[in-house]
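S.K.: Sequence and predicted structure are below.
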Number of protein chains: 2
Amino acid sequence: MNTYRIGELASALSCSVETLRYYEREGLLTATGRSSNGYRFYNEDAVRQLKFILRAKAMGFSLEDIRELLAIRVDPKAASCGAVRDITEHKLQWVEHKIAELQRFRDALQRMVNACCGGDVPAEHCSILLALDDQHPIPGNEEHSRD
Amino acid sequence: MNTYRIGELASALSCSVETLRYYEREGLLTATGRSSNGYRFYNEDAVRQLKFILRAKAMGFSLEDIRELLAIRVDPKAASCGAVRDITEHKLQWVEHKIAELQRFRDALQRMVNACCGGDVPAEHCSILLALDDQHPIPGNEEHSRD
DNA sequence: CTTGACCCCGTACCCTACTACAGGGTCTAT
DNA sequence: ATAGACCCTGTAGTAGGGTACGGGGTCAAG
């Protein structure tokens, strides 16, 4: 079975050597072993595990989430399929919450952009500044004003 | 004109005293002055400025953005309305970019949740773990698989 | 005159996911 | 034997937006 040194693994999967050492410190990816000179080496199982980590990251999982998923992956008989789905659903809810928050930001910003003349005129009466001062709430924004 | 001590301002606008001192260090909100005992005090202008800051934060602006907006707010004749709209549009684009990213996360997570039996069975054949291992790509996810 | 609620300053710490650097060892080619 | 590429460890720094703490001063009530 062929093995990889840390730099080879890093360039193969497009991450940095420092990241791999960091993942080791964090307990996400331990090297398969050490050569007599102390160099880390990785086998195909480690490559697959790193792919798992990177793919999970690309899905939006945090390293903490990934730590849990890896624990299940290593010993899948000890965990239920439901546990895996719980982690995923929990993340999904968090992502949906974040999306909703950003959509509120987007709508507020969009209303401000729409209301602003945006011209090369002095900003003295700029509707965006007025809206942030709440002197002149922008229509559609009333529910956020104090009474 | 009535003035407020830092704790009064903090409780009036529901932020912490530490936050106000932090904003002062960051140049966002300087106290109106200091009493003879060294205590900060704030007048109504400062209250309005803090409201501006908090409202801008609620819109998703970063403290760095707010710093720029405040500079314009202080001297609106020196800046154009277009400059204000540029900041806002820039933020809007950033927010839209973030939303799109999170929506990709959400879709990937949703596909995984849908595909998972989620039962109290061992996770050995869990479709989520398989998908993250890319042994068993979930339909709709092919564009992310390596070839 | 002491207690408790305020306030001051400066510094350190939180989180996440890295990245950088210092100071050293190892291996390969020339 | 020496350059250059690679590897090791340990520690510190980054961004953003604060929070916490230690050690002290101030002020009003009892």
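M.R.: Nice, thanks for sending it over.
S.K.: From A:Val74, how far out is A:Cys15?
M.R.: 21 Å (C-beta to C-beta, to the nearest Å). Any C-beta I mention is one placed from the backbone N, CA and C, and that applies to glycine too.
S.K.: Looking at these two, which is more packed in?
M.R.: More neighbours surround A:Cys15 than the other of A:Cys15 and A:Val74, with 17 against 10 (other C-beta atoms under 10 Å in any protein chain shown).
S.K.: quick check, the helix or strand containing A:Leu69 touching DNA strand D?
M.R.: In this structure, A:Leu69 sits in helix A:63-74 according to DSSP states H and E. No. Using C-beta under 7 Å from any atom of the strand, helix A:63-74 stays clear of DNA strand D, with a minimum separation of 13.4 Å.
S.K.: Would you mind listing the buried residues in the longest helix along chain A?
M.R.: In chain A, with assignment by DSSP state H, the single longest helix is helix A:81-115. For helix A:81-115, the neighbour count (16 or more other C-beta atoms under 10 Å in any protein chain shown) marks A:81-85, A:87-89, A:91-92, A:94-96, A:98-99, A:102, A:105-106, A:108-113, A:115 as buried.
S.K.: contacts with chain B among the residues you listed, please.
M.R.: The subset of the buried residues of helix A:81-115 within reach of chain B, by C-beta under 8 Å from any C-beta of the partner chain, is A:81-85, A:88-89, A:91-92, A:95-96, A:98-99, A:102, A:105-106, A:108-110, A:112-113.
S.K.: so who does the residue nearest the centre of chain A touch?
M.R.: Closest residue to the average C-alpha location of chain A: A:Gly60 at 4.3 Å, with C-alpha atoms, centre = their mean. Under the criterion of C-beta atoms under 8 Å, 6 or more residues apart in numbering or on different chains, the neighbours of A:Gly60 are A:Lys91, A:Val95, B:Leu102, B:Phe105, B:Ala108, B:Leu109.
S.K.: Please repeat the previous calculation with a cut-off of 7 Å.
M.R.: Contact analysis of A:Gly60 by C-beta atoms under 7 Å, 6 or more residues apart in numbering or on different chains lists A:Lys91, A:Val95, B:Phe105, B:Leu109.
S.K.: quick one: which of those is nearest DNA strand C?
M.R.: Among these, A:Lys91 lies closest to DNA strand C (C-beta to the nearest atom of the strand), at 10.9 Å.
S.K.: Isn't the closest one up against A:Phe61?
M.R.: Yes. Under the criterion of C-beta atoms under 7 Å, A:Lys91 makes contact with A:Phe61 at 6.1 Å.
S.K.: shared neighbours of the two, anything?
M.R.: Common contact partners of A:Lys91 and A:Phe61 (C-beta under 7 Å, 6+ apart): none.
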